[in-house]
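Q: sequence plus the predicted model coming up.
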Number of protein chains: 2
Amino acid sequence: MIRVGVNGYGTIGKRVADAVRAQPDMEVCGVAKRSPNYVAVGATEAGYPVYAADDDRAHEFAAAGIDLAGSVDKLVAESDVVVDATPSGVGAENRPLYEHHDTPALFQGGEDATVAEVSFNARVNYDEAEDADYVRVVSCNTTGLSRFLAPLYENYGIEKARVTLVRRGGDPDQTGRGPINDAVPDPISIPSHHGPDVQTIFPKLDIDTIGLKVPTTMMHLHTVNVTLENEPDDVTEIRDRLRSEDRILTIPDYAGIDGAGTLKDFALDAGRPRGDIWENCVWEESITLRGRDLYCMQAIHQESDVVPENVDAIRALSGHLTGPESRSLTNETLGIGFSRLDGRESRTLDRQTAD
Amino acid sequence: MIRVGVNGYGTIGKRVADAVRAQPDMEVCGVAKRSPNYVAVGATEAGYPVYAADDDRAHEFAAAGIDLAGSVDKLVAESDVVVDATPSGVGAENRPLYEHHDTPALFQGGEDATVAEVSFNARVNYDEAEDADYVRVVSCNTTGLSRFLAPLYENYGIEKARVTLVRRGGDPDQTGRGPINDAVPDPISIPSHHGPDVQTIFPKLDIDTIGLKVPTTMMHLHTVNVTLENEPDDVTEIRDRLRSEDRILTIPDYAGIDGAGTLKDFALDAGRPRGDIWENCVWEESITLRGRDLYCMQAIHQESDVVPENVDAIRALSGHLTGPESRSLTNETLGIGFSRLDGRESRTLDRQTAD
């Protein structure tokens, strides 16, 4: 059993903890939290030992009726692996703590790539993490792009990729974030940092990205153009390759899923924990081929798509399963893949293919 | 076993079906649906027999791989009670169908009160439905107001209630609804229809309501003023009365729940199906007393607060349990009540009481 400590129990941390607990070869030895709010109450209800991330605020936990198991230092000492899910930038500050205890650690994509030896995507470079002590799981957007590009890169070669990332302004619980009525170039410089970040996964890929923010909280939306080196037979071939990826959901037209709102409603209907959508969501009707130019739109659930990647990264660090074995086990234990929509034909795509 | 048919399997219908299935004395004999979208796929995955609400569209279900059990006429014939959860106005059109089969039916609050013999709230007038064949479960907003007002009405008397309903523009899956950047008086006439609707539950209550719509999809927010006939000792007494109501969640300050976004996140963390919040959510810090004038703010989850009321209304129609017995059974089977937040003191309210 791999004993996993989760430092930072927020949007990502609480999801990673639940995913780790669902694995047969891992256990959660505790979670560290800064403030005793409803999320901390949830940790105790879930049965996770709670550690104080900030000793100066430990007394606030007692006032809220939450028993502490100790401070984060003790959690790190007791863990085989720590998943650092603290806010962007705090992970780098925590690295000396992990080094002090000689505890391997994962960092999230909000950190600079230099925080770790390897930037990680389970589909593309699982093996590179096997000899590392510190691994960075790339961000939600970079994870989504890496999954989408991988089968294209392998089967056709990619001459150039161009992506616009229409990013949600904040998460549902981030009351103070904006914009509330604007579409904001963010970052205003081109390329955005996402392109170089994808290159930490595909070092030889030619990719430019543009980022902006809009007043939504549910998912990111990517508009993707990929100029392939070799032309596919037809768009159906592309669709079938994407369909065969286990962390991509292709959305058939008949389903009436027309945006992030219906996607979330669909996931909640399916009983997904927290309504999470771990898969890239690619609209089949949007998959379009113009010679070697491929276009499509995909939605990325910023709160959860990196969760299975964190689970796989823990195994990659520990080295006891291969990439395919780990991904398969993670998919099975979490319930990745919406079988309910699979295998039904999209009438729209058939029409489009006949163009 | 009460055999329940659900006509209209959308936002409310799918939730009522799941809630009915959780009852030991009820079973879902089928659901009727107009179009074969992802929600219909969800019905088949949940194991509900699916009936065509519109025979002209039955062939579309076959194309989407969904087997039909028949048309809605057959569903009504086989049901002991039908829950009509079709869009506003369609329920009234369906009533002759239920009369034809001599099948008792529930309607939703979007229908005019004249659609049924009784307008229903489980907390206030359960007994009135016992001799009825047709019952209307009042709307999400009227349900939320009735629950809030009931303990005040009983314990202090109400001289006058004044409520502003800041309504969500649409549900999360209603892509086409607005506003997207406005606060719209709706209805622009005062009082809004909500006040008279509350009077279908409290015929002698003096209440005026004002309605508007804002660009949110998560919950309604009510600002409430109630001028009581008799003055309470202090605000803590009011808080404790609200806390003791089983379908009201009082939110303590320490929890860090500052709006509908955090409320939904909290419900999802708690493992609520679809993140539903069946209870009124009253912020303890907002409960304020100025002489006989009581003020507070509460959030109402428009997709789900009427769900337990529908379950109780089915039992009221069938007459085999009393109101308290039914409410208790419904609460227990659905898991109503967030015990995780209860019993902890709100530091803020204690401060406010000392004013």
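A: Nice, I can see it.
Q: what about the helix or strand A:Val39 falls within and chain B, touching?
A: Assigned by DSSP states H and E, A:Val39 falls within helix A:38-45. Yes. Using Cβ under 8 Å from any Cβ of the partner chain, we find that helix A:38-45 touches chain B at A:38-39, A:41-42, A:45. The way it works is simple: take the backbone N, C-alpha and C, and place the C-beta from them, glycine included.
Q: take those and lay them out in CSV including pLDDT and neighbour count.
A: Shown next, in CSV, are the residues of helix A:38-45 next to chain B (pLDDT from 0 to 100; neighbours: other Cβ atoms under 10 Å in any protein chain shown):
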residue, pLDDT, neighbour count
A:Tyr38, 94, 24
A:Val39, 96, 22
A:Val41, 92, 24
A:Gly42, 94, 20
A:Glu45, 92, 14
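Q: of all the residues you listed, which comes closest to A:Arg162?
A: A:Val39 (38.1 Å; Cβ to Cβ).
Q: how much space separates the closest one from B:Ile257?
A: Using Cβ to Cβ, to the nearest Å, one obtains 10 Å as the distance from A:Val39 to B:Ile257.
Q: and A:Pro191, by the same measure?
A: 39 Å.
Q: counting by contacts, list what the lengthiest helix in chain A packs against.
A: Identified as the longest helix of chain A according to DSSP state H is helix A:140-155. Helices and strands touching helix A:140-155, by 3 or more Cβ pairs under 8 Å, 6 or more residues apart in numbering or on different chains; DSSP states H and E, are helix A:122-125, strand A:158-168, helix A:194-199, strand A:220-228, helix A:235-243, strand A:280-283, strand A:293-300.
Q: by how many degrees do that helix and strand A:158-168 diverge?
A: 160 degrees (axes from the mean of the first three to the mean of the last three Cα atoms, to 10 degrees).
Q: average pLDDT for helix A:140-155?
A: For helix A:140-155, mean pLDDT is 98.
Q: near chain B, which residues of the stretch 51-200 of chain A?
A: Counting by Cβ under 8 Å from any Cβ, the stretch 51-200 of chain A sits next to chain B at A:63-65, A:172-175, A:180-181.
Q: JSON lines for the residues you listed, including secondary structure?
A: Below are those laid out as JSON lines (DSSP: H, G, I helix; E, B strand; the rest coil):
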{"residue": "A:Ala63", "secondary structure": "helix"}
{"residue": "A:Ala64", "secondary structure": "coil"}
{"residue": "A:Gly65", "secondary structure": "coil"}
{"residue": "A:Pro172", "secondary structure": "coil"}
{"residue": "A:Asp173", "secondary structure": "coil"}
{"residue": "A:Gln174", "secondary structure": "coil"}
{"residue": "A:Thr175", "secondary structure": "coil"}
{"residue": "A:Ile180", "secondary structure": "coil"}
{"residue": "A:Asn181", "secondary structure": "coil"}
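Q: need the max-distance pair from the residues you listed.
A: Checking those with Cβ to Cβ, the most distant pair is A:Gly65 and A:Asn181, at 40.0 Å.
Q: and these two? Which one has more around it.
A: A:Gly65 (15 against 11; other Cβ atoms under 10 Å in any protein chain shown).
Q: count the neighbours of the residue in the stretch 251-355 of chain A positioned nearest to chain B for me.
A: Ranking the residues of the stretch 251-355 of chain A by distance to chain B (Cβ to the nearest Cβ) places A:Gly256 first, at 3.3 Å. When counting by other Cβ under 10 Å, one arrives at 18 neighbours for A:Gly256.
Q: returning to that earlier point: need the CA coordinates for the longest helix of chain A. CSV is fine.
A: Extracted in CSV, the C-alpha atoms of helix A:140-155 (Å, rounded to 0.1, in the frame of the first residue of the first chain):
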residue,chain,number,x,y,z
CYS,A,140,-6.1,21.0,-16.6
ASN,A,141,-5.7,22.8,-20.0
THR,A,142,-2.3,21.2,-20.8
THR,A,143,-3.7,17.8,-19.7
GLY,A,144,-6.7,18.2,-22.1
LEU,A,145,-4.5,19.3,-25.0
SER,A,146,-2.0,16.5,-24.4
ARG,A,147,-4.7,13.9,-24.5
PHE,A,148,-6.2,15.3,-27.6
LEU,A,149,-2.9,15.7,-29.5
ALA,A,150,-1.4,12.3,-28.6
PRO,A,151,-3.3,10.1,-31.0
LEU,A,152,-2.9,12.7,-33.8
TYR,A,153,0.8,13.0,-33.2
GLU,A,154,1.3,9.3,-33.2
ASN,A,155,-0.8,8.4,-36.3
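Q: okay, angle between it and strand A:220-228 too, please.
A: Going by the same axes, to 10 degrees, helix A:140-155 makes 20 degrees with strand A:220-228.
Q: by how many degrees do helix A:140-155 and helix A:235-243 diverge?
A: Going by the same axes, to 10 degrees, helix A:140-155 makes 120 degrees with helix A:235-243.
Q: so what's the gap between helix A:140-155 and the chain middle?
A: 12 Å (Cα atoms, centre = their mean, to the nearest Å).
Q: what angle sits between that helix and strand A:293-300?
A: Using the same axes, to 10 degrees, helix A:140-155 lies at 140 degrees relative to strand A:293-300.
Q: and helix A:140-155, what's buried?
A: A:140-153 (16 or more other Cβ atoms under 10 Å in any protein chain shown).
Q: do the same with stretch A:157-165
A: A:158, A:161-165.
Q: kindly check the end-to-end length of stretch A:95-104 for me.
A: Taking Cα to Cα, to the nearest Å, the first and last residues of stretch A:95-104 lie 10 Å apart.
Q: distance between it and the chain's centre?
A: On Cα atoms, centre = their mean, the centre of stretch A:95-104 falls 24 Å from that of its chain.
Q: got it, and stretch A:305-323?
A: That offset, for stretch A:305-323, works out to 12 Å (Cα atoms, centre = their mean).
Q: try stretch A:229-246
A: Mean-position distance between stretch A:229-246 and its chain equals 23 Å (Cα atoms, centre = their mean).
Q: ok so A:Ile68 is a strand residue?
A: Careful, residue A:68 is Leu; it's not Ile. No. Using three-state DSSP, the assignment for A:Leu68 is coil, not a strand.
Q: gap between it and A:Ala17?
A: Taking Cβ to Cβ, one finds A:Leu68 at 16 Å from A:Ala17.
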